[in-house]
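S.K.: sequence and predicted structure, then a few things I'm wondering about:
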Amino acid sequence: MPEQKYKVLIVDDEEDIRVLTGKLLSQEGYMCWVAANGVKALEQLEKRQVDAVITDIKMPGGMDGIELTREINKKYNLPVMVMTGFAQDFTAHDALTAGADDFIIKPFAADELTLRLQKMILQKRN
């Protein structure tokens, strides 16, 4: 469990994934907000400060996770973890080149997500 309550924005077009990821992280002590696409995620980031963003890579609505990552890197100094269930279509290289700090393939183990998220936040702060 994180020593402090880190705030995380979860971005995914699938409601089930947003809810499940939010529940998982909340149980580990994170405060979570959600957005259904990249445009809504940027709206959320205008309203509140977060410590990290976890975003799906493939989303409808005019902005996918790669473009969202680029926008976050332009406007905010936040760590971004990109997740995908389409590993054959997107690679870690695509995400990292866009400025992501980490890349995880769905489905993932709960402990893997929380450990990598905490490590990513701490690395960005140092």
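M.R.: Done, it's in.
S.K.: just list what the lowest-mean-pLDDT helix or strand in the chain packs against, helices and strands only.
M.R.: Least confident helix or strand, the chain: helix 92-97 with a mean of 86, by mean pLDDT, DSSP states H and E. If you count contacts as 3 or more Cβ pairs under 8 Å, 6 or more residues apart in numbering; DSSP states H and E, helix 92-97 packs onto helix 65-75, strand 102-105. All C-beta atoms are positioned from the backbone trio N, CA, C, and that covers glycine.
S.K.: kindly confirm my reading that Leu122 is in a helix.
M.R.: Yes: applying DSSP: H, G, I helix; E, B strand; the rest coil, one finds Leu122 inside a helix.
S.K.: what's around it, how many residues?
M.R.: Per other Cβ atoms under 10 Å, the neighbour tally for Leu122 reads 14.
S.K.: what would the helices and strands packed on helix 92-97 look like in JSON lines with distance to Ala95?
M.R.: JSON lines is the format used below for the helices and strands packed on helix 92-97 (distance: least, Cβ to Cβ, whole Å):
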{"stretch": "helix 65-75", "distance to Ala95": "7"}
{"stretch": "strand 102-105", "distance to Ala95": "4"}
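S.K.: what's in contact with the least confident helix or strand of the chain?
M.R.: Under the criterion Cβ atoms under 8 Å, 6 or more residues apart in numbering, residues Ile57, Gly65, Ile66, Thr69, Val82, Thr84, Phe103 lie in contact with helix 92-97.
S.K.: okay, and the residue nearest the centre of the chain sits in which element?
M.R.: When Cα atoms, centre = their mean is applied to the chain, the residue found nearest the centroid is Ile54 (0.6 Å). Following DSSP states H and E, one finds Ile54 within strand 52-56.
S.K.: pairing partners for that strand, with directions?
M.R.: strand 7-11 (parallel), strand 80-84 (parallel) (DSSP bridges).
S.K.: output it as CSV, nothing but the C-alphas.
M.R.: C-alpha atoms of strand 52-56 as CSV (Å, rounded to 0.1, in the frame of the first residue of the first chain):
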residue,chain,number,x,y,z
ALA,A,52,-0.2,9.6,-12.4
VAL,A,53,-2.3,8.6,-15.4
ILE,A,54,-3.1,5.0,-16.6
THR,A,55,-4.5,5.0,-20.0
ASP,A,56,-5.8,2.5,-22.5
